[in-house]
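[1] fold the following and give me the result.
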Amino acid sequence: MRRKTPLYIVGLIAVLLTGCSQQQSQMSYIGAEAAKQTALEAASLSEQEVSSISTDMSTRDGLDYYQVCFEVGNQSYQYDVDALTGVVISAEGAAGISGIQSGQSEPSGPQGPEHSGSGTASLNHQPVGTTAPAAPSSGTDGYIGEEEARRIALEHAGLAENQVTFVSSFLEFDDGHWEYDVEFYTADYVEYDYEIDAYTGAVISFDYDAEYYSPQTGGSSTITTEQAQQLALAQVPGAAESDIRKFKIDTDDGILLYEGKIIYNGMEYKFEIDAYSGTIREWSAEPFAR
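    Okay, here's the model as predicted:
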């Protein structure tokens with residue numbers, strides 16, 4: 001005997017199909033042509049100025065994006081464009097992100113920050129329907145400039161330019177404001193990372209990591225808790241012992257360490273100190289979030 005499908009099941013299937021259709025419509029991609037135009041606009045170039053341009057679909061960390069590659073003379077460029085929102089996720093260029101040539105002006109906004117160093121800029125992925133404000137313009141009321149950001153970072157670290165190797169320095173939009181991200185390391189491989197306010201030159205946050213130093217092991221005497229605390233407090237002028245939080249001793253790969261943090265004057269400082277040598281292995285500073 002032939003069974004009849006109940007009407008409510010038929011209706012449910014129709015609703016589900018309709019919902020899937022609507023979702024698919026909402027998740028439609030911008031298309032390869034739109035991605036190509038977005039990349040060219042971010043580089044301040046026209047299609048007539050470039051050669052060997054290609055657009056391919058790719059996926060990274062569950063994110064679908066268009067990879068747009070092109071050349072201008074002997075310079076190669078690659079722009080990754082979000083397939084759904086059309087936002088430039090990242091950009092690479094032999095002469096920097098914007099591919100500025102003689103006679104061209106520097107592009108503004110989140111897709112054309114000033115950049116040098118590794119040749120790769122990391123742009124924040126803005127939420128759907130939002131865009132970052134235009135990049136600050138040069139001049140008295142504009143941004144401080146990349147060279148000044150580097151100088152500020154070096155001065156803060158107590159180092160000279162001939163003592164470090166720069167990894168990268170570029171302008172980016174993060175947490176609602178424009179800032180320079182400056183990274184460098186010393187001859188003994190202490191790595192520094194600074195975030196500098198693009199307008200005021202204030203150090204927003206910084207950290208350094210001395211992972212590659214040679215720790216002392218095997219029967220060496222350790223510094224005391226009080227000595228370790230004084231070493232940490234010496235890095236924060238004005239801070240007192242009462243500002244130290246969560247201070248403890250721990251081990252990492254067989255290395256005895258003092259760990260803790262200092263909260264003082266609206267900033268939070270975290271540190272790791274080698275219990276044998278007193279070397280500050282790691283140090284970071286950022287605005288304290290209550």
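
[2] please make it C-alpha for all contacts and neighbour counts, starting now.
    Fine.

[3] what about the nearest residue to T186 once chain neighbours are set aside, how many residues nearby?
    Excluding the flanking residues, the one nearest T186 by CA to CA, 6 or more residues apart in numbering is V164, at 4.5 Å. Using other CA atoms under 10 Å, V164 is surrounded by 19 other residues.

[4] against A153, how distant is V164?
    Distance, V164 to A153, using CA to CA, to the nearest Å: 11 Å.

[5] likewise E272?
    21 Å.

[6] ranges for the strands of the stretch 51-200 of the chain?
    Listed in chain order, the strands of the stretch 51-200 of the chain (DSSP state E, counting those that start in this stretch) span 51-60, 63-72, 75-82, 88-93, 115-116, 120-122, 164-174, 177-186, 191-197.

[7] can I get those strands in CSV including distance to A39?
    Listed next are those as CSV, based on distance: least, CA to CA, whole Å:
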stretch, distance to A39
strand 51-60, 10
strand 63-72, 7
strand 75-82, 6
strand 88-93, 7
strand 115-116, 17
strand 120-122, 14
strand 164-174, 17
strand 177-186, 21
strand 191-197, 27
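
[8] how about the ones you listed in JSON lines, adding mean pLDDT?
    Formatted as JSON lines, those follow (pLDDT from 0 to 100):
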{"stretch": "strand 51-60", "mean pLDDT": "82"}
{"stretch": "strand 63-72", "mean pLDDT": "84"}
{"stretch": "strand 75-82", "mean pLDDT": "83"}
{"stretch": "strand 88-93", "mean pLDDT": "74"}
{"stretch": "strand 115-116", "mean pLDDT": "37"}
{"stretch": "strand 120-122", "mean pLDDT": "37"}
{"stretch": "strand 164-174", "mean pLDDT": "88"}
{"stretch": "strand 177-186", "mean pLDDT": "91"}
{"stretch": "strand 191-197", "mean pLDDT": "93"}
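
[9] closest to A285 out of those strands?
    With CA to CA as the measure, strand 191-197 is the member of the strands of the stretch 51-200 of the chain nearest A285 (9.6 Å).

[10] quick one: residues contacting the closest residue to R281 other than its chain neighbours.
    Distances taken as CA to CA, 6+ apart put A210 closest to R281, at 4.7 Å, once the chain neighbours are dropped. Going by CA atoms under 8 Å, 6 or more residues apart in numbering, A210 touches 189-191, 280-282.

[11] switch the cut-off to 10 Å
    A210 sits next to 185-186, 188-192, 272, 279-283 when contact means CA atoms under 10 Å, 6 or more residues apart in numbering.

[12] kindly report the same for L159.
    L159 neighbours (CA under 10 Å, 6+ apart): 151, 153, 186.

[13] can you check the pLDDT for the second one?
    Put plainly, it is A153. The model reports A153 with a pLDDT of 95.

[14] still on that earlier bit, who touches both of V164 and A153?
    Common neighbours of V164 and A153 (CA under 10 Å, 6+ apart) are 183-184, 192.

[15] let me know the closest of these to V50.
    For the shared contacts of V164 and A153, the nearest to V50 is E183 (31.5 Å; CA to CA).

[16] what number of residues lie near that closest one?
    Residues near E183, counting by other CA under 10 Å: 23.

[17] do G176 as well
    8.

[18] ok, the one 10 residues further on next?
    Look at T186: counted by other CA under 10 Å, it has 16 neighbours.

[19] report the contact partners of it.
    159, 161-166, 192, 210.

[20] 8 Å instead?
    Per CA under 8 Å, 6+ apart, neighbours of T186: 163-165.

[21] over to A39?
    A39 touches 68, 79-81, 88, counting by CA under 8 Å, 6+ apart.

[22] redo that, cut-off 7 Å
    68, 79 (CA atoms under 7 Å, 6 or more residues apart in numbering).

[23] can you give me the helices in this structure?
    Using DSSP state H, the helices assigned to the chain run over residues 7-26, 32-42, 146-157, 225-233.

[24] ok, F184 to P287 distance?
    Counting by CA to CA, the gap from F184 to P287 is 22 Å.
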